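S.K.: Kindly generate the corresponding structure for this input.
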Amino acid sequence: MRAHITDRETLQTITPAQILAYLRCKGAEKADEWPDKATFWQYGRTELLVPLSTRFADYAMRVAELLAQLEKTEDRSQLLIVEDILRSGFDIIRIRNVSEDARQGMLNLMRGVEFVAKARDMLAAAACSAATHKSSYPGRRPQDADRFMEGVRFGKTEQGSFVLQLLAPVAPELYIQGRLDELPEEEPYERRVVPTLQSGLEALNLAAQRSEIDRDAAHFLEAAPQGLTSNLCDAVTGMYDSLQPQYIEVGITYSANRRRPRPLARISVDSGYIPLIREASAYIRASGHEQEEAQLVRGYVVRLASEDPASSGEIAVKDLMTRHPRLLKVELPEEEYKKALSAHEARQLVELSGTITRTGRDFRLVPDAPLAIVEAPADAPADLR
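M.R.: Down below sits the predicted model:
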């Protein structure tokens, strides 16, 4: 006997937008409408009424009736239907770890935490790649990526070895007279992230297979446009290092809010490729000349070098604005160099903005504004005061 959902609060949490997205995804068609009140949908041989506001006094009752009809039409549990409706506005990434511990229904706590962190890093790598299409992100993430990751939700784990769920929100797209309005060829950034994760993982597998044959690491670097980055390599190898599974499978279910339906994706990374992928990450980071967008740098002057301090000189600034502090070399003219020298002697913070370039492990800032000495706020961390 299947459970029926009757709790009013639970029914009220299901929004009209979620119901409509679910019905469109299932192929239902709008048959009629009662302006500002409800719409009527034809789903197979069933006609469904969808109330358009949660403020209606009978909203919960109408949703309960709709769920009962869907249960009969789809011949499956209301609990499963509600779960799908509530998640219709998300791309769902399922990361499945197949290991001996997972088969027993438990995981080592510390290694499990690391596994979750690396799963987060994997999605963050795709978010960075979707923003700027670089092959490596050694420092601060692009702002678009940070905003995207703030919206990601951690779903409940599932049965079947050990399955993590990451939920990435996807906003609905507007219809005009039954058709989608003309949209730009390139999708909005938020819609590109999860497809970039899929293409990056597929490219990672293909590059590993090809380099296994000819030992050419260039296969990894050439796949940067598909989303293959050193960060993605590090996240995948980190997941293997944390739990040592037989394999990791990433499944992607795309949101019903997407304009063009996408099929379920499933990518499995074989443990045999992990040594290659680890080497590839180091190769990507050490290769070429990477350039980041203009950004703000704040930190301490830790090194000065000048043949003639009265003319110009090079300084090294410990950038504290990134998750992992890094040293940036900056060439300054006479007055700016003197200011940096004064800041160094007084242990004062300096602020610079400009474009950061990277060659191998060295970072260099090309300033677009004068160096400034700043006062750290009283509530700033110790290393910023």
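S.K.: which residues does residue 39 bridge with?
M.R.: residue 33, residue 50 (DSSP bridges).
S.K.: Spit out the contact partners of residue 330.
M.R.: Neighbouring residues of residue 330 by C-beta atoms under 8 Å, 6 or more residues apart in numbering: 314-317, 352, 364-365, 367, 371. C-beta: built from backbone N, CA, C; applies to glycine.
S.K.: How is residue 138 assigned, secondary-structure-wise?
M.R.: coil (DSSP: H, G, I helix; E, B strand; the rest coil).
S.K.: Would you confirm that it contacts residue 327?
M.R.: No: counting by C-beta atoms under 8 Å, residue 138 does not reach residue 327; the two are 11.7 Å apart.
S.K.: ok, residue 111 to residue 99 distance?
M.R.: 10 Å (C-beta to C-beta, to the nearest Å).
S.K.: list residues touching both of these two?
M.R.: With C-beta under 8 Å, 6+ apart as the test, residue 111 and residue 99 both reach residue 243.
S.K.: Neighbour count for those two, which is higher?
M.R.: More neighbours surround residue 99 than the other of residue 111 and residue 99, with 19 against 14 (other C-beta atoms under 10 Å).
S.K.: and that one, how far is that from residue 230?
M.R.: 25 Å.
S.K.: can you tell me which helix in this structure is longest?
M.R.: Under DSSP state H, the helix in the chain containing the largest number of residues is helix 189-214.
S.K.: Buried by neighbour count: which residues of that one qualify?
M.R.: By 16 or more other C-beta atoms under 10 Å, the buried positions in helix 189-214 come out as 189-205, 207-208, 210-211.
S.K.: same question, stretch 10-29
M.R.: Buried, per 16+ other C-beta under 10 Å, within stretch 10-29: 11, 14-16, 18-26, 28.
S.K.: again with stretch 296-314
M.R.: Buried, per 16+ other C-beta under 10 Å, within stretch 296-314: 297-301, 304, 306, 312-314.
S.K.: Go through these and name the one with the lowest pLDDT.
M.R.: Across the buried residues of stretch 296-314, the smallest pLDDT goes to residue 306, namely 75.
S.K.: For the nearest residue to that residue once chain neighbours are set aside, give the beta-bridge partners.
M.R.: Counting by C-beta to C-beta, 6 or more residues apart in numbering, residue 313 is the residue found nearest to residue 306 once chain neighbours are left out, at 2.8 Å. Under DSSP bridges, the beta-bridge partners of residue 313 are residue 332.
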